[in-house]
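In: I'll drop the sequence and a predicted model, then ask my questions.
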Amino acid sequence: MTQPVAPRASSPCTKLCILDAATGLCEGCGRTREEIGMWGSLSETKRQAIMATLGHRLRAAYPLRGKAVAGP
């Protein structure tokens, strides 16, 4: 008989793991180094609360990302 598989923890990871020294954020997902390190031990409720803030964090940290830049 097979063992039941535990559900995977929610994760915003985009596999673009670059920690920005200026902002302290991962450029891919927007989490801090501390959040990334603690992720597996956080409750699902806490992970969901953090994930709800990530879009705003990334837009605030990188306001020009994803916007077309006008040429000369």
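Out: All right, it came through fine.

In: Any buried residues in the top helix by length along the chain, and which?
Out: Longest helix in the chain, counting residues (DSSP state H): helix 44-61. Of all the residues in helix 44-61, those buried under the rule 16 or more other Cβ atoms under 10 Å are 47, 50-51, 54, 57-58. In short, each C-beta sits where N, CA and C put it, glycine included.

In: which one of these is nearest Glu27?
Out: Leu58 (8.1 Å; Cβ to Cβ).

In: wait, that closest one sits on Met51?
Out: No. Applying Cβ atoms under 8 Å as the test, Leu58 and Met51 come out as separate, 11.7 Å apart.

In: Can you give me every residue that contacts Arg65?
Out: 58-59 (Cβ atoms under 8 Å, 6 or more residues apart in numbering).

In: so which strand or helix has it?
Out: Counting by DSSP states H and E, no helix or strand carries Arg65.
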